[in-house]
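1. Quick one, structure for this:
(chains A and B)
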Amino acid sequence: EAEVAQSPRYKITEKSQAVAFWCDPISGHATLYWYRQILGQGPELLVQFQDESVVDDSQLPKDRFSAERLKGVDSTLKIQPAELGDSAMYLCASSLGLAGPGGETQYFGPGTRLLVL
Amino acid sequence: AQSVTQPDIHITVSEGASLELRCNYSYGATPYLFWYVQSPGQGLQLLLKYFSGDTLVQGIKGFEAEFKRSQSSFNLRKPSVHWSDAAEYFCAVDLTGTASKLTFGTGTRLQVTL
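-> Model (predicted):
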């Protein structure tokens, strides 16, 4: 069964350093999402792509976070500089990107757990 | 303000016992409703979803959920819990009608005792 791939699975960094996370969605999925999940909370959407275009980045802290999906396939989320409060699980999800009754199913990757020291 | 509430942070049940996890939402209209499960070290997996029609929804792994408009609730149930069901369960809503903008609750951690 096709899965969403993410790397690295774990990342430890010091504050003020730059970090980057990579996501490879399920083949053929046009929509890609990045979520942040703080310990003890549910995931919160950071950014949504439709192909290579950003659809929604209203919750992305743009002063330090950036995301790209240059060829409309895989995606990178970057934090620079990292802050202590960025410690969280970063989840990537993808979906077909087709509108229709009942909506879509988002398929999630295993996530990248970030610890900022 | 729009919100999704999972009142129970942590629930412990014995293997073989029945399970009900609560979810309430606060929206003007009926949103699309979802239940996801997250096992340790893994991503979220969709258990079931409701968008219209029959208010009792069947999902994977023997789970079901019932939408009650009058109570703004979408509780998840399973008649007999297995030890492998131990995980974190998240209720989510979507108002766009496309399941593209999910708002998650804070989750309920399920522990299963043998």
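
2. Would you map the strands across chain A?
-> For chain A, strands defined by DSSP state E occupy the ranges A:5-7, A:10-13, A:19-24, A:31-37, A:44-50, A:53-56, A:65-68, A:75-79, A:88-95, A:107-108, A:112-116.

3. could you dump those strands to JSON lines with mean pLDDT?
-> JSON lines is the format used below for those (pLDDT from 0 to 100):
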{"stretch": "strand A:5-7", "mean pLDDT": "96"}
{"stretch": "strand A:10-13", "mean pLDDT": "97"}
{"stretch": "strand A:19-24", "mean pLDDT": "97"}
{"stretch": "strand A:31-37", "mean pLDDT": "96"}
{"stretch": "strand A:44-50", "mean pLDDT": "95"}
{"stretch": "strand A:53-56", "mean pLDDT": "93"}
{"stretch": "strand A:65-68", "mean pLDDT": "97"}
{"stretch": "strand A:75-79", "mean pLDDT": "97"}
{"stretch": "strand A:88-95", "mean pLDDT": "95"}
{"stretch": "strand A:107-108", "mean pLDDT": "92"}
{"stretch": "strand A:112-116", "mean pLDDT": "96"}
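
4. Among those, which comes closest to residue B:77?
-> In terms of C-beta to C-beta, the element of these nearest to residue B:77 is strand A:107-108, at 23.0 Å. In this view, the C-beta of every residue, glycine as well, is placed from N, C-alpha and C.

5. out of the strands of chain A, which comes closest to residue B:39?
-> strand A:107-108 (11.4 Å).

6. near chain A, which residues of chain B?
-> B:4, B:32, B:36, B:41-46, B:49, B:51-52, B:90, B:92, B:94, B:96-102, B:104-107 (C-beta under 8 Å from any C-beta of the partner chain).

7. What subset of the residues you listed is buried?
-> B:4, B:32, B:36, B:43-44, B:46, B:49, B:51, B:90, B:92, B:94, B:97-102, B:104-107 (16 or more other C-beta atoms under 10 Å in any protein chain shown).

8. Filter the residues you listed down to the ones in strands?
-> B:4, B:32, B:36, B:44, B:46, B:49, B:90, B:92, B:94, B:102, B:104.
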